[in-house]
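1. Give me a model of this one.
(chains A and B, ligands or ions: 2)
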Amino acid sequence: MPIKAITPDYHGDFKDSVDKFRGNQIVNIHWEKHLMFAWPMCVPLPPTMPFGTLIEGVLPGIFGAHPNFKQIDWSQVEWKTSKGPFKPDPAKSLVDNGIGHKTTISFSTPGLAGVNGNAVC
Amino acid sequence: MAAEGNVKPAKKLSLKENYALLTRGLGWEPSYEKHEEIFRNISFEGIKIHDWEKWEDPFRLTMDAYWKYQGEKERKLYAIVDAFQQNNGQFNVTDARYVQALKIFINGITELEYDSHRGFNMLAREFPGVGPRIAAQMQSLDELRHATTQIHTISQYAKYFTGMNEFPYQFDRAWYLSIPKSFFEDAVTSGPFEFIVAISFAFEYVLTNLAFMPWMSGAAFNGDMATVSFGFSAQSDEARHMTLGIEVIKFLLEQDPANVPLVQKWIDKWFWRGYRLLSLLATMMDYMLPKRVMAWNEAWEIYYEQNGGALFADLARYGIKPPKRAPETIAEKGHVAHQMWSVFYANRDAVGFQMWLPSNEEMDWMSEKYPDTFDKYYRPRYEYWREMEKAGTPFKNTTLPQLCQVCQWPCLFTEPDDPTTLSLRETEYKGETFHMCSDGCKDIFDDTPEKFVHAWLPVHQIYQGNCFLPDVDPTAPGFNPMYEALRYMGIKPGVDGGDFKGSADATNWEKWTSRPANIHEGAYTDAVRDTSNPSDAARKAI
Ligand SMILES: [Fe+2]
Ligand SMILES: [Fe+2]
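-> Residues are numbered from 1 along each chain as shown, chains lettered A, B, ... in the order given. Ligands and ions are numbered 1, 2, ... in the order given. The predicted structure is shown next:
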């Protein structure tokens, strides 16, 4: 049911549409079962950035402080978005890997389960 | 005309006559303007009122009596505030950690009193019924008084401690203060009926006791006589506001059966929004009161599960059900305070209040209060972070969060049935993705996306480049966007927030009071007097 408002057909402007981010798009990245990093990390990235650059150039700055981070075997990592699991091609861009504006990427690292095996650390 | 010396005063009005004249007697039916032209905003929400005269005035209070009572309360309150200032009452609180909670209060809560003043002012204009209009007018004045008394009492702390001197400025800009701000601005931009259900019923009647009772006793227990005094001064106002809340609900439900589903939808929405706002109180109660009175989960059990349960059982006869997302609040009660403290700690450089890890004494208290959750999920995290502090590599998160489009909290909450999985929800609307922290917030977005697509989300605003002061050049070498965004928000990086230990507040506290800034950790500086028993010291020396 549409909103009831004084003004007929009231509709707010989209405050965060991709054209407002100066060439970047918003990507949220969440490392599952490592809740020391307790929220999806929001970063502005060029849509043309190769997925491999996200892994090598962006993620270390976000999650590098975690002792599990260096142990990650990236070939074993499982990736998903709200649309389901996907296998990224590191050479292709974010967009070509299906990562659009405001997509949330979750990744899990089988075998690595937080500090002392504790998913909240 | 009576002869001189024989003047008979007019007969004194009975209380009932006086009341009738000074309330409903003040209204009139317009003759040269159409009723709908004067009261233009009362029909678009779909609420049907057939007879405003059916409104039962809950207080039987007239404006002249109101001024008299409020004037007396003000005189008493300001006498205490004077004494508090003359006696340096700000140093009588338990320790300087308590003051950090006051920073959240003045920067994030006091402005809500002012917003509430605005909202009730509008109702006093919008409602055609004289009874509710006068009630709204009084509440509008109450709320303005709450804002001013809070500012006056807390101003004494602001003379000695950091982070409280920019409160209206911060409220409109600081990233985490968009949480309370968006809550009230959603309410004041709603129609008059949604506003009154949201604030008078869902917030004041159902949830305010939770804020009022444990927090005020916490202030008293920790020696904050200033807060306690404005609390008591506001208490009789609160009682009036709560009565208004329940009266409104009954009036709307009795006027027309078509009102029931609208009221139910607003109860579901505003219970959830109010709960998400009050979760901030969960972490303040459990972590920021050096001497604690009760844990958040205990407060939720008493003030929502028991009291709220009885209330909704009573409202069932109108066809009203308990708030849709109440089960989630119960499932989260053992987690929410700990999850919030953790993210504030991890992001302490980006907030305007200082943070610390809980002491052993505090962690033992939490193990006792939260036997099912604390030792399993949160103690290991704090112990690990303590190790990292000891190793000289304290844990810090440096990346901004994905925010909830509705409540504006970071998406930090976990699934109600799984505390190791974040509760992430999203909706695609007109080709764009929107994120929510919970099913409760997703319900709200999906119901009225038109209102939430243009939420001012601080994280996105920073990335759009809208949160820098005019003197900043983002192309200059060494440009630090986080530092500059904090400056824009009125937060002094490394002064207002950061680590409590070593902060100006902690160091000054020890210098000025000769008492530890953190009663659980002993002195941080040499300014603290040695209070150990001299004979103990002598024995040790031998
Ligand atoms: Fe108030
Ligand atoms: Fe939310």
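
2. Show me which residues of chain B are close to ligand 2?
-> B:404, B:406-407, B:437, B:441 (CB under 5 Å from the ion). Glycine gets a C-beta too; all of them are placed from N, C-alpha and C.

3. one more time with 6 Å, if that's ok
-> B:276, B:404, B:406-407, B:409, B:436-438, B:441 (CB under 6 Å from the ion).

4. Mind checking which of those residues land in strands?
-> Members of these lying in strands (criterion: DSSP state E): residue B:436.

5. Out of the residues of chain B next to ligand 2, name the ones that lie in helices.
-> Mapping those onto helices (DSSP state H) picks out B:276, B:441.

6. For the residues of chain B next to ligand 2, give me JSON lines that also has neighbour count and pLDDT.
-> Below are the residues of chain B next to ligand 2 laid out as JSON lines (neighbours: other CB atoms under 10 Å in any protein chain shown; pLDDT from 0 to 100):
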{"residue": "B:276", "neighbour count": "24", "pLDDT": "97"}
{"residue": "B:404", "neighbour count": "31", "pLDDT": "98"}
{"residue": "B:406", "neighbour count": "30", "pLDDT": "98"}
{"residue": "B:407", "neighbour count": "27", "pLDDT": "98"}
{"residue": "B:409", "neighbour count": "24", "pLDDT": "97"}
{"residue": "B:436", "neighbour count": "24", "pLDDT": "98"}
{"residue": "B:437", "neighbour count": "25", "pLDDT": "98"}
{"residue": "B:438", "neighbour count": "26", "pLDDT": "98"}
{"residue": "B:441", "neighbour count": "28", "pLDDT": "98"}
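
7. closest to residue B:349 among the residues of chain B next to ligand 2?
-> Each of the residues of chain B next to ligand 2 was scored against residue B:349 by CB to CB, and residue B:409 proved nearest at 19.0 Å.

8. how close does that closest one get to residue B:273?
-> Here residue B:409 is placed at a distance of 11 Å from residue B:273 (CB to CB, to the nearest Å).

9. Show me what counts as buried in the longest helix along chain A.
-> Ranked by residue count and defined by DSSP H, the top helix of chain A is helix A:59-63. Buried residues in helix A:59-63, counted by 16 or more other CB atoms under 10 Å in any protein chain shown: A:59, A:62-63.

10. Now that helix - C-alpha only, CSV.
-> Listed next in CSV are the C-alpha coordinates belonging to helix A:59-63 (Å, rounded to 0.1, in the frame of the first residue of the first chain):
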residue,chain,number,x,y,z
LEU,A,59,40.5,-6.6,2.0
PRO,A,60,43.9,-6.6,3.8
GLY,A,61,43.3,-3.0,4.9
ILE,A,62,39.9,-3.9,6.3
PHE,A,63,40.4,-7.3,7.9
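
11. So which residue is dead centre in chain A?
-> The residue lying closest to the centre of chain A (CA atoms, centre = their mean) is residue A:29, at 2.4 Å.

12. Equivalent analysis for chain B, please.
-> residue B:109 (4.7 Å).

13. tell me the phi and psi of that residue?
-> phi -110, psi -40 (degrees, to the nearest 10).

14. could you measure it against residue B:316, distance?
-> 33 Å.

15. mind listing what residue B:17 touches?
-> Neighbour list for residue B:17: empty [criterion: CB atoms under 8 Å, 6 or more residues apart in numbering or on different chains].

16. Please, which helix or strand holds it?
-> helix B:15-22 (DSSP states H and E).

17. That helix: how far from the chain's middle?
-> Remark: helix B:15-22 is offset 37 Å from the chain centroid, using CA atoms, centre = their mean, to the nearest Å.

18. For it, buried residues please.
-> For helix B:15-22, the neighbour count (16+ other CB under 10 Å) marks B:19, B:22 as buried.

19. average model confidence for that helix?
-> Helix B:15-22 shows a mean pLDDT of 86.

20. does the closest residue to ligand 1 within chain A count as helix, strand or coil?
-> Closest to ligand 1 within chain A is residue A:6: 26.8 Å, counting by CB to the ion. What DSSP: H, G, I helix; E, B strand; the rest coil gives for residue A:6 is coil.

21. burial of it, as a residue count?
-> 10 (other CB atoms under 10 Å in any protein chain shown).

22. ok, now residue B:371?
-> Counted with other CB under 10 Å, residue B:371 comes out at 11.

23. ok, it to residue B:334 distance?
-> Applying CB to CB to residue B:371 and residue B:334 gives a distance of 9 Å.

24. any common contacting residues for those two?
-> Joint contacts of residue B:371 and residue B:334 (CB under 8 Å, 6+ apart) do not exist.

25. Name the residues of stretch B:108-122 that are buried.
-> By neighbour count on 16+ other CB under 10 Å, the buried set for stretch B:108-122 is B:108-117, B:119-121.

26. Stretch B:206-224 too?
-> B:206-216, B:218-220, B:222-224.

27. Could you check which residue of the stretch 51-200 of chain B lies nearest chain A?
-> residue B:191 (7.1 Å; CB to the nearest CB).

28. Which residue is the nearest non-sequential neighbour of the residue of chain A found nearest chain B?
-> Taking CB to the nearest CB, chain B has its nearest neighbour within chain A at residue A:12, 3.2 Å off. Nearest residue to residue A:12, sequence neighbours excluded (CB to CB, 6 or more residues apart in numbering or on different chains): residue B:454, at 3.2 Å.

29. coming back round to it: so the residue nearest to the centre of chain A is in contact with residue A:39, correct?
-> No - the criterion here is CB atoms under 8 Å, and residue A:29 misses it with residue A:39 at 10.3 Å.

30. so residue A:107 touches residue A:30, yeah?
-> Yes - counting by CB under 8 Å, residue A:30 is a contact partner of residue A:107 at 7.5 Å.

31. that older thread, are we agreed that the residue nearest to the centre of chain A is in a strand?
-> Yes - counting by three-state DSSP, residue A:29 is located in a strand.

32. do you know how far it is from residue B:11?
-> Residue A:29 sits 79 Å away from residue B:11, going by CB to CB.

33. if we can go back for a sec, measure how buried the residue of the stretch 51-200 of chain B closest to chain A is and give me the count.
-> Per other CB under 10 Å, the neighbour tally for residue B:191 reads 20.

34. how far away is it from ligand 1?
-> Distance, residue B:191 to ligand 1, by CB to the ion, to the nearest Å: 22 Å.

35. How about residue B:434?
-> For residue B:434, the distance to ligand 1 - CB to the ion - is 32 Å.

36. That residue looks like it's in a strand, true?
-> Yes - the assignment for residue B:434, made by three-state DSSP, places it in a strand.

37. Surely it is in contact with residue B:452?
-> Yes - the criterion here is CB under 8 Å, and residue B:434 meets it with residue B:452 at 7.3 Å.

38. Between these two, which contacts overlap?
-> Joint contacts of residue B:434 and residue B:452 (CB under 8 Å, 6+ apart) are B:405, B:445.

39. Assumed residue B:165 was part of a strand.
-> No - going by three-state DSSP, the assignment for residue B:165 is coil, not a strand.

40. Next, give phi and psi for it.
-> Main-chain torsions, residue B:165, degrees, to the nearest 10: phi -90, psi 0.

41. pretty sure residue A:42 is in a helix, no?
-> No - going by three-state DSSP, the assignment for residue A:42 is strand, not a helix.
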